[in-house]
Structures are given as C-alpha cells and as structure tokens.
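Novice: Task: produce atomic coordinates for the following.
(one chain, ligands or ions: 1)
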Amino acid sequence: MPRAFADLVLRGGPVHTMAGGDPATALAVRNSRVSRVGTDAHVRDLTGPRTTVVDLNGRAVIPGINDAHLHATWLGLRWPHTLLGDSAGSQRSLQRSLRTDAERRAAILRAGDVLARLGITSYTEPGLGPGEDGGSTGAFGSSVVRQYRELAAEGLLRSRVTALWLYGEVDGPSAYADLARGLSTIDDNRMDPRHLSFTGVKIFADGIPPMRSAYLDDGYSDGGRGELLVDGKDDAERERHLTDMILAVHRAGLQVGVHATGDRAIEVVLDAVAMARAERDVDLRHYVIHGDLVTAAQLRRMARLGVGLAVQAGIAVRTAKAVEAVLAAGRAENAWPFQDILRAGVPLCLTSDAPVLAPDWRREIAAADEWLGAAADVRARVECLLRCYTVNPARQDGADSWKGTLAAGMAADLCVLSADPLALTAAELPEVEIDLTVLGGKIVYERLR
Ligand SMILES: [Zn+2]
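Specialist: Residues are numbered from 1 along each chain as shown. Purely as a prediction, here's the structure:
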C-alpha cells in the first residue's frame, strides 16, 4: 500500500489549533485538510519526497482568520482608503463606483489579495443583491453576485466567502414585500458551499448612534429616539414589519444578520427570534451586527437564543466621543459592553466592517483588548479574542464542523505568524508579521520568497 505522505508539513513552532488538546509543534496537511497535529516526531513519517516542508523556527501557526463582516467588493474599490481613520492620504483621486462587470471582478480579486496578505482565509460579504441594483457604489448589487459565482466556478477566489442576500438598500429603507419576493426567487445555484455560500439575508433595522438614527428605548440628549429603517407609518407598524421579515427568513430555513445598534431595535430583533424559535426550534445562527447599545439583559437573552454578535472594536474606539455627545447623560458609558458580551457567553465575532476600517485583525484585537481594560490573564485574553476571529465566525457561517480550528480533519486554512501571539500582549500584536497564508492546503500568500 502506498504511504499517505502529506502535501504540506509545518514543524518547529507553536501550533495553536484552537481546538484544545495537547500543545503541538507540528501540523500535516493532506488533500486540503489537516491530517495530523502533534510534535515534530509525530509528523516525521508523513514527510515524503514531494511534501512541502515549512520550518517554523519558532514562528506560530493559527487557524486562518475569518472576518465575519467585511464588504470585500467595496474594499477592493477603495483600498488603501478606509472610511474611518484613513492614513492613506488624499482621497481626491479615489474612484467612487464600480461601473462594469470587469471592474467588479477586479475589485473582488484585489480584495482577495489584500486579505491573503493579512492571513484572512474566510469572510462574510454582508449584503449583496437586488436591493442595491441601483446603488451608487456598484459594489453590492446582483451583478456582484454574478461575479462571485463566476470567480468561484473558475477557482479564482482566494478566500472562502459567505454572503447574505440584500433586498433593501445599504444603510437605507427596506420593505417586507421586497424581502418576501426575494426569498421566493432565490435560485439554487449549485456552487461548492466551501468556497461560496449564501447563508441568509441581511436586514438594516436602524442607523447608528452618532447620526441619531439608532432606534432607542429612551432618548437622545435632544429628546428624539430614532426610528426603524423598515417601512411603516409609525413605530408599531415598523416593528411589526421587521418582525415579519425575520420570521419569513427563519421560516425559509435561512440565517438573518440584522444591523441593529439601538437598544429598542435589538429588542425587536430578539423578540422576533424568540417567536421564530418557538415556532420552529432550529439554531440558524441568526446574529446582530454592531449592537452598539445592547444591554446586559439582552446579552443574556442572546446567549439563550443562540443569537451571535458581529462587532467592530475599532469603530467603538473611534466614535466613542461622538456617541457620548448625542446620548442622554450616562448612557454612553454602557455602549459596546465587551466585558458583558464575553461574560454572557454570546458568540462574539470581531470584524473590520472594511472598508469602514482597514481589514487588519491584529489592530482590531488590540482595540478590543484596550476596550476590555485590564482583566484576566494576558494569554487567556488574547486567546479569547483570537477565537472571535476563528472559532466564533465559523459558527456564524454554519461551518464550525469543518473550519475554524486546526484539529485533524478540519480544512487546512491557516496562517503562520512571525511571533507567537499567545506570548505577547494584544497591544504588541499589530507588530507581528503574517509570513504565510494557506487556504485549503494551498499557499496563497508568502511574505518571504
Ligand atoms: Zn457593514
């Protein structure tokens, strides 16, 4: 019987599988999956004449990064410019929209290149579809869906892509009728879901606190409380329509990702998910996006309902002053309660929302850690925040059975870092280099070549 040699072996450095188990220093890959994890001695007999061997020399292996909320096509259009904290200089020459299919295709490929360099092997495009067919950026409409499908069919995507359908406008209005029509027309495109998977629907419930457009229980400093973006003649009707939308998605067996920042908007979402699960108790990995003003009681409810949270610590840090300026006294102190989120056991995904922020997970983890303040032991904190970029987003993708950790049998999506992140503080993480990115056992980026 021919010996089953590995295609790729990495050895001689800490291998953080994020799956528990004994500390490991080596990992073998065969047929796009992790075939063995252990000590260097454990993989020696798998190293054959055609095996690619990477000597880590102390460098660390972690699972590939999964950014659970990243507008890649829009990022490809704007990069290196971002919306917040832009350090790339003048934006005067920046192209504002994607006009042709060729431009959209190029933007997706460009983003793939940027992400591979950052060790990112999976991301979620949160909202593509007919709702933005007339959109000004050209980065969210149905034509983008077609480009993704073509690139997936050609094997040219450099990340695994999860996508949500969009039947309303980005940061704008939506209507139940459009969503219902959309759900009835989803075509069953036979794509390998490991490369491109449409898992559900994105809904914009409300706006954002700094614009006074988050929907609150009780008010902004000027007495207003915002309102839902969903159509309706008054608050009660809008709440009912949002509830109906969430119920319709759940009944279709799909996931819903809801942009909701105000505490009242989040409450409506949780009430709807509770109703949906009472009707049909399946965990479709529904989640709240941003969740700026989520309360401690809502977090406990989310944990019970299996509702996840996709949050951007970098946005929290950058907009804290603007949020404080518009909210009633004392209210801003409780915004983005990372400590409570983790304590409640809500599946938390840290994300960049790129191109709002740069898709640099090292900086996002440092920002989240800063927001957490001094607590627990440094190593446990960094490990916990790394899970928010690996294990938890795989769960959000409904793909935790095959990706997100480096246990044997899992997809060989990983990156090699120039230093061991678990031997550093989160603040030191942005200095660490990404040396190698591997997607499904294939090297898609190599820094030193
Ligand atoms: Zn977004």
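Novice: all contacts plus neighbour counts: C-alpha atoms, from now on.
Specialist: Will do.
Novice: tally of neighbours for Arg50?
Specialist: By the other Cα atoms under 10 Å criterion, the neighbourhood of Arg50 contains 10 residues.
Novice: And Ile315, by the same measure?
Specialist: 21.
Novice: Could you do Trp79 as well?
Specialist: 18.
Novice: Leu350 too?
Specialist: Neighbours around Leu350, by other Cα under 10 Å: 28.
Novice: Contacts only, for it.
Specialist: The contact partners of Leu350, by Cα atoms under 8 Å, 6 or more residues apart in numbering, come to 67-68, 310-313, 364-365, 385, 388-389.
Novice: For it, give its distance to Ala72.
Specialist: Between Leu350 and Ala72 the distance is 16 Å, computed by Cα to Cα, to the nearest Å.
Novice: Roughly how far does Gly64 sit from Val438?
Specialist: Using Cα to Cα, Gly64 is found at 7 Å from Val438.
Novice: now swap in His286 and tell me
Specialist: 29 Å.
Novice: of these two, who's got more company?
Specialist: Comparing His286 with Val438 by neighbour count (other Cα under 10 Å), the higher total belongs to His286, at 27 against 24.
Novice: if you go through the stretch 251-400 of the chain in chain order, where are the helices?
Specialist: 263-279, 296-305, 313-326, 338-344, 361-372, 378-387, 391-396 (DSSP state H, counting those that start in this stretch).
Novice: and those, which is most packed in?
Specialist: helix 391-396 (a mean of 25; mean count of other Cα atoms under 10 Å).
Novice: Packing partners of that one?
Specialist: strand 65-67, strand 348-350 (3 or more Cα pairs under 8 Å, 6 or more residues apart in numbering; DSSP states H and E).
Novice: wait, doesn't Gly127 sit right on Glu169?
Specialist: No: using Cα atoms under 8 Å, Gly127 is not in contact with Glu169; the gap is 9.2 Å.
Novice: Which of those two has more residues huddled nearby?
Specialist: Of the pair Gly127 and Glu169, Gly127 is the one with more neighbours under other Cα under 10 Å, namely 29 against 23.
Novice: quick check, that one in a strand?
Specialist: Yes: counting by DSSP: H, G, I helix; E, B strand; the rest coil, Gly127 falls inside a strand.
Novice: quick one: the residue sitting nearest the centre point of the chain from Asp234, how far?
Specialist: For the chain, Ala68 is the residue whose C-alpha lies nearest the centre (Cα atoms, centre = their mean; 0.7 Å). Separation of Ala68 from Asp234 (Cα to Cα): 33 Å.
Novice: neighbours of Arg447, just the number please.
Specialist: When neighbours are defined as other Cα under 10 Å, Arg447 has 10 of them.
Novice: Pull the contacting residues for the closest residue to it other than its chain neighbours.
Specialist: Among residues not flanking Arg447 along the chain, Asp435 sits closest, at 4.9 Å (Cα to Cα, 6 or more residues apart in numbering). Contact analysis of Asp435 by Cα under 8 Å, 6+ apart lists 415-418, 445-448.
Novice: mind redoing it with 10 Å?
Specialist: Residues in contact with Asp435 (Cα atoms under 10 Å, 6 or more residues apart in numbering) are 56, 59-61, 117-119, 415-419, 445-449.
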